[in-house]
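Colleague: Provided below are the primary sequence and the corresponding predicted coordinates.
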Amino acid sequence: MLAREQAYNSRMNRARIPRILGLDVGDARIGVAISDPLGITAAGLHTVERKNMRTDISTISELCQRHGAVEIVVGLPKNMDGTLGEQAQKVQSFARKLARATGLPVIYEDERLTTISAIRTLTIQGVKTGKNKALVDQQAAAIILQKHLDRRGPAPSA
């Protein structure tokens, strides 16, 4: 019983450490990544299979609460010439609704070529990406979040 209680307390303490959530929003799935407590590194966390807007927003909102997210970084799918197309407008619409639902700030990060980078990284690690699209989406979200963290620098210490 004591070990179970300690594990629970450990999970609860981790959830209270401010984190940043990174999202790779697609039509079929949303890759989710999370920062470490110091805001230095990003790691894949989860993949949400899209159902409908209400359910998707609710699922991401719950992940934000569970992990103590203080902001959300969303990959913005720009065209190669830097313009915003139809997919970028869908992502922005989703992000606005998510910001309203969570009350958290949303920051956009250019996501051009992140899926290709994610596939390359996973392939180097020996992961077959053809049947692991959810893992590719998580890795893409981690790359998006890592770009933001690298530009921002480490979070100030408390």
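Modeller: Received the coordinates, thanks. Since the model is a prediction, treat every value here as computed from it, not as a measurement. Numbering: from 1, shown residues only.

Colleague: residues touching residue 19, list them.
Modeller: Contact partners of residue 19, counting by C-beta atoms under 8 Å, 6 or more residues apart in numbering, are 34, 35, 36, 37, 67, 68, 69, 70. Any C-beta I mention is one placed from the backbone N, CA and C, and that applies to glycine too.

Colleague: if I look at residue 133, how far off is residue 33?
Modeller: In this structure, residue 133 and residue 33 are 16 Å apart, going by C-beta to C-beta, to the nearest Å.

Colleague: and these two? which has more neighbours close in?
Modeller: For residue 133 and residue 33, the more surrounded residue by other C-beta atoms under 10 Å is residue 33, and the numbers stand at 27 against 16.

Colleague: Report the contact partners of the residue nearest to residue 22 when sequence neighbours are not counted.
Modeller: Taking C-beta to C-beta, 6 or more residues apart in numbering, and ignoring the residues beside it in sequence, residue 22 has residue 145 as its nearest neighbour in space, at 2.7 Å. Contact partners of residue 145, counting by C-beta under 8 Å, 6+ apart, are 20, 21, 22, 33, 34, 35, 42, 73, 109.

Colleague: Select only the buried ones of those residues in ChimeraX?
Modeller: This is how ChimeraX selects the buried members of the contacts of residue 145, with burial counted by 16 or more other C-beta atoms under 10 Å:
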select :20,21,22,33,34,35,42,73,109
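
Colleague: The contacts of residue 145 into CSV, with extra columns for pLDDT?
Modeller: Below are the contacts of residue 145 laid out as CSV (pLDDT from 0 to 100):
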residue, pLDDT
20, 96
21, 97
22, 98
33, 97
34, 97
35, 96
42, 96
73, 98
109, 94
